[in-house]
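Asks: Just to be clear, the model below is a prediction. Sequence and coordinates:
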Amino acid sequence: MSQITRLGVSRRWSDVVIHNGVAYWVEVASDTSQDAAGQVAQVLKQIDGTLAEIGSSRLDLLEVLIYLADLDDAAALNEHWDVWIPAGHAPVRACVGATLSPGCLVEMVITAAATNEP
Amino acid sequence: MSQITRLGVSRRWSDVVIHNGVAYWVEVASDTSQDAAGQVAQVLKQIDGTLAEIGSSRLDLLEVLIYLADLDDAAALNEHWDVWIPAGHAPVRACVGATLSPGCLVEMVITAAATNEP
Amino acid sequence: MSQITRLGVSRRWSDVVIHNGVAYWVEVASDTSQDAAGQVAQVLKQIDGTLAEIGSSRLDLLEVLIYLADLDDAAALNEHWDVWIPAGHAPVRACVGATLSPGCLVEMVITAAATNEP
C-alpha cells in the first residue's frame, strides 16, 4: 500500500490527507460569526497554516473549489483572493453557490502539491 | 501514455477510473425510493463494494465530496458515516447542499488510493 | 519541489495546472449569451482545445464534475456529451445543480491524465 499521511484525524474527517505527493483538504472559517469577507480572510489564513504544516506554500496550490452560500459574495472573495495568490502561480479555481452549514458562508476544497511530507 | 484503468464503462461514464495509484468514482444510491438515511447506507455499502473491486479498503479513502439534496439530512448522513469510517483513517470530507437528480438525495465523489489495481 | 506546470496564468486563476502527470482545469463557455445546449457544446470544444494544448486527448479524461445552473438542462448536456465521449473511455462523472455566475449555465471541473507535458 502506498503511504497515506493523515493529519488532524477526527471521527468524521481528517484535516489533511497526503498521498503520492498531493495534499487534499477542506477549509471553512473557524469563526462563522464573521461576514463573508471576514470568513474568506480566515479561510485563506487557515490555508496558509495548513500549507506551512505540510511543508508547502501558496506556490504549491493546484486546484481550489470554492462554495459560497451566496454567490453575490464573489466580489468579497476576489478582493481577498487576488492579493493572496502569488503572481504567476495561481491554481485552477471553480466557484459556485451551494447550500452550506448554518453560519458557514464559504467552504474551500484544496488540492496542493506536497513533496515535503510532514 | 500512463495507464488508465476504467471499470464499468458505459456510454456516459465509467463506474471507476484508476490512474497513477489513485481511484476516482461517484456513487448514488441504486434504490432512490428510500429516504436519506437509507440512501446514505446504500451509498456507503456501494463504496465498500467498489473498494473491494479495486483491491482497496476504507483505509484508502483520501477525499469524499458529498452533495445532499437537503442539507438537513446531514444528521442522517453523519449517523451512518461516523460508524462506517475506520477510526484514525478518516478521509478529507466536504458536504454541501446542491440540486440532485429527481429522487436522488445524496451523491458522493470519492478519491481513494488504489495501489493494487484490479 | 515536484514540478508544477501552469498554463494561461492570470491574477485570479490558471487555465490549467499539471502536476505528477495529472492536469486540472475548469471550463465555462466563452460566450454565455448562448443557451444551455450551446454552452455545453462550447465547453466540450474548449476541453478539446485544452487537451490538445497539453498533449492529451479525450481518451485521457479521468473525472469531470459538472455544475448546471438548471439541472433540467441535463438532457441537453447528455445529448452533446454522449457523442463527444469516446466509446469505452468515459471518465467518472458527477452532475449537480448549483448557482453559477450570471449568464453561466454550465461549469465543468476536469481532471485528466497529462503524460506529455507541454
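Replies: Yes, it's here.

Asks: Next up, the contacts around A:Leu44.
Replies: Applying CB atoms under 8 Å, 6 or more residues apart in numbering or on different chains, we find A:Leu44 in contact with A:80-81, A:84. (Glycine included, C-beta is placed from N, CA and C.)

Asks: buried ones in the top helix by length along chain A?
Replies: In chain A, assigned by DSSP state H, the helix with the most residues is helix A:36-53. Across helix A:36-53, burial judged by 16 or more other CB atoms under 10 Å in any protein chain shown covers A:36-44, A:46-47, A:50-51.

Asks: just stretch A:51-69 next, same as before
Replies: For stretch A:51-69, burial by neighbour count (16+ other CB under 10 Å) applies to A:51, A:54, A:56-58, A:60-69.

Asks: And for stretch A:69-88?
Replies: Along stretch A:69-88, these residues count as buried under the neighbour rule (16+ other CB under 10 Å): A:69, A:71, A:73-74, A:76-77, A:80-81, A:85.

Asks: Tell me the one of the residues you listed nearest chain B?
Replies: Closest approach to chain B among the buried residues of stretch A:69-88 (CB to the nearest CB): A:Ala69, at 9.2 Å.

Asks: Check the gap between the closest one and A:Ser101 for me.
Replies: Here A:Ala69 is placed at a distance of 9 Å from A:Ser101 (CB to CB, to the nearest Å).

Asks: pLDDT score for A:Leu77?
Replies: Looking at A:Leu77, its pLDDT reads 98.

Asks: Could you check the pLDDT of the residue of chain A found nearest chain C?
Replies: Using CB to the nearest CB, the point where chain A gets nearest to chain C is A:Gly97, with a distance of 2.8 Å. Here the pLDDT value assigned to A:Gly97 is 98.

Asks: what's the neighbour count on A:Met108?
Replies: A:Met108 has 23 neighbours, counted by other CB atoms under 10 Å in any protein chain shown.

Asks: Please name the residues that touch it.
Replies: A:Met108 neighbours (CB under 8 Å, 6+ apart): A:26-28, A:43, A:47, A:64-67.

Asks: and the residue of chain A found nearest chain B, bridged to which residues?
Replies: Among residues of chain A, the one nearest chain B by CB to the nearest CB turns out to be A:Thr99. It sits 2.8 Å away. The residues paired with A:Thr99 through beta bridges, assigned by DSSP bridges, are B:Gly97.

Asks: Check A:Thr111 too.
Replies: Legend: beta-bridge partners of A:Thr111 under DSSP bridges are A:Tyr24, A:Glu63.

Asks: Isn't it up against A:Asn20?
Replies: No: A:Thr111 sits out of contact with A:Asn20 when judged by CB atoms under 8 Å, with a separation of 11.7 Å.

Asks: Compare the two (neighbour count), which wins?
Replies: Counting neighbours by other CB under 10 Å for A:Thr111 and for A:Asn20 shows that A:Thr111 has the greater number, 25 against 17.

Asks: I'd like the distance between that one and B:Pro102.
Replies: Using CB to CB, one obtains 31 Å as the distance from A:Thr111 to B:Pro102.

Asks: what does A:Pro86 give?
Replies: Remark: distance between A:Pro86 and B:Pro102 (CB to CB) = 44 Å.

Asks: and if you look at A:Val43?
Replies: Applying CB to CB to A:Val43 and B:Pro102 gives a distance of 33 Å.

Asks: just to revisit the earlier point, give me the subset of the buried residues of stretch A:69-88 touching chain B.
Replies: Under the cut-off given by CB under 8 Å from any CB of the partner chain, chain B has nothing from the buried residues of stretch A:69-88 close to it.
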